[in-house]
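J.: Prediction below, plus the sequence it came from.
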Amino acid sequence: MRAVIVFFAFLFVVSSVPLKTGNDFCGVSNTAVKAGEALTYKVYYTIAGAYIGVGEAVFSYTLQELNNKVVYHAIAEGKTYSFYDKIYKVRDRYESYLDTGTLQSYKFIRTVSEGNYKIYENTAFLKDVGTAVTKDGVYKVPSCVQDVMSAITFTRNLDFTHLKVNDNIPFDMFLDKEVHHLSIRYLGKETIRTKYAKFRAIRLSASVIKSNIFSGDEKMTVWISDDPNHVALRVQSPILIGKVKIDMVDCKNLRYPLSSLIDF
């Protein structure tokens with residue numbers, strides 16, 4: 001059973017909400033993320049109304065050097081708990097090297113180990129010529145195409161106050177040697193209580209990529225903090241069997257106070 005893998009599917013969802021309609025993801029500067037930040041999430045699988053914690057993941061940002069240039073190194077590492085390893089062991093790592101000024105990705109690396117399924121993907125983005133280069137070839141991509149991790153960083157640096165309820169925004173993501181045309185819908189603001197605390201939140205929904213856990217017809221719901229950090233607080237989605245819920249359970253070294261927090 002691969003329910004925990006939905007954790008990384010949520011990366012596609014929290015990925016991009018542009019300042020205006022269309023696929024214009026250029027020109028965004030960093031106001032939300034800082035080096036040293038770390039966010040921890042717990043992944044729950046539910047069937048017949050019972051939620052079971054099956055894994056966790058940590059997102060972090062550091063400063064690194066790539067080709068003699070200082071960049072943000074964004075990393076997400078996910079794993080199942082030891083008891084669930086006996087059912088289906090997951091050890092996944094996603095990472096991007098981002099320009100500190102434009103937040104565009106120079107390189108994306110995906111290392112996946114899920115049961116007997118293994119994959120390693122290393123993609124270099126050449127923005128000046130609009131291509132993505134992998135070991136399998138060179139692919140034409142939109143000028144501001146996202147990878148999994150760069151997309152999250154963009155989302156957190158955008159101004160949601162300009163969106164209206166039910167605004168639907170398309171975006172492009174390069175993954176598995178192809179460009180995926182996805183969309184996300186702004187659903188307004190609400191108060192939620194997660195496993196961590198009670199928050200003021202921004203609610204989004206999105207289409208998902210068809211896979212072995214998604215039929216492609218599902219809509220995933222995401223709540224992000226209604227404060228300048230814009231961190232994902234909760235992600236929830238049906239899958240082929242059951243549902244998955246992902247909650248933030250710890251945060252460290254945020255750039256701003258978590259002012260969306262109401263109480264514990």
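T.: Yep, it's here. Bear in mind the structure is a predicted one, so any value in this text is a computation, not a measurement.
J.: Every contact and neighbour count from this point should use C-alpha atoms.
T.: OK.
J.: right, and Ile224 touches Ala201 too?
T.: Yes. Ile224 lies in contact with Ala201 (C-alpha atoms under 8 Å); the separation is 5.4 Å.
J.: Which neighbours do these two have in common?
T.: Leu233 (C-alpha atoms under 8 Å, 6 or more residues apart in numbering).
J.: What residues are bridge-paired with Lys189?
T.: Going by DSSP bridges, Lys189 is paired in beta bridges with Ile202.
J.: Got phi/psi on Ile87?
T.: phi -90, psi -50 (degrees, to the nearest 10).
J.: My error: substitute Lys86 in the last question.
T.: Main-chain torsions, Lys86, degrees, to the nearest 10: phi -70, psi -20.
J.: where in the stretch 1-150 of the chain is pLDDT low?
T.: Residue ranges of the stretch 1-150 of the chain with pLDDT under 70: 1-27.
J.: can you give me the helices for it?
T.: 6-13, 82-88, 148-155 (DSSP state H, counting those that start in this stretch).
J.: Off-centre distance for the shortest one?
T.: Which is helix 82-88. 24 Å (C-alpha atoms, centre = their mean, to the nearest Å).
J.: Can you spell out which helices and strands pack onto it?
T.: With contacts defined as 3 or more C-alpha pairs under 8 Å, 6 or more residues apart in numbering; DSSP states H and E, helix 82-88 has no helix or strand neighbours.
J.: What segments of the stretch 151-264 of the chain are strands?
T.: Ranges of strands within the stretch 151-264 of the chain are 168-175, 178-193, 198-207, 219-225, 232-238, 243-252, 261-263, based on DSSP state E, counting those that start in this stretch.
J.: With mean neighbour count and mean pLDDT added, can I get those strands in CSV?
T.: Shown next, in CSV, are the strands of the stretch 151-264 of the chain (neighbours: other C-alpha atoms under 10 Å; pLDDT from 0 to 100):
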stretch, mean neighbour count, mean pLDDT
strand 168-175, 20, 80
strand 178-193, 18, 88
strand 198-207, 22, 88
strand 219-225, 23, 87
strand 232-238, 24, 88
strand 243-252, 20, 92
strand 261-263, 14, 97
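J.: To Thr46, which of these lies closest?
T.: Ranking the strands of the stretch 151-264 of the chain by proximity to Thr46 (C-alpha to C-alpha) places strand 243-252 first, at 5.2 Å.
J.: Residues contacting the closest one, please?
T.: 3-4, 6-7, 37-47, 194-196, 232-238.
J.: again, 6 Å this time
T.: With contact meaning C-alpha atoms under 6 Å, 6 or more residues apart in numbering, strand 243-252 is reached by 37-46, 196, 233-237.
J.: follow-up on the earlier one: now distance to Glu65 too, for the strands of the stretch 151-264 of the chain, in a markdown table please.
T.: Below are those laid out as a markdown table (distance: least, C-alpha to C-alpha, whole Å):
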| stretch | distance to Glu65 |
| --- | --- |
| strand 168-175 | 23 |
| strand 178-193 | 28 |
| strand 198-207 | 34 |
| strand 219-225 | 30 |
| strand 232-238 | 27 |
| strand 243-252 | 23 |
| strand 261-263 | 35 |
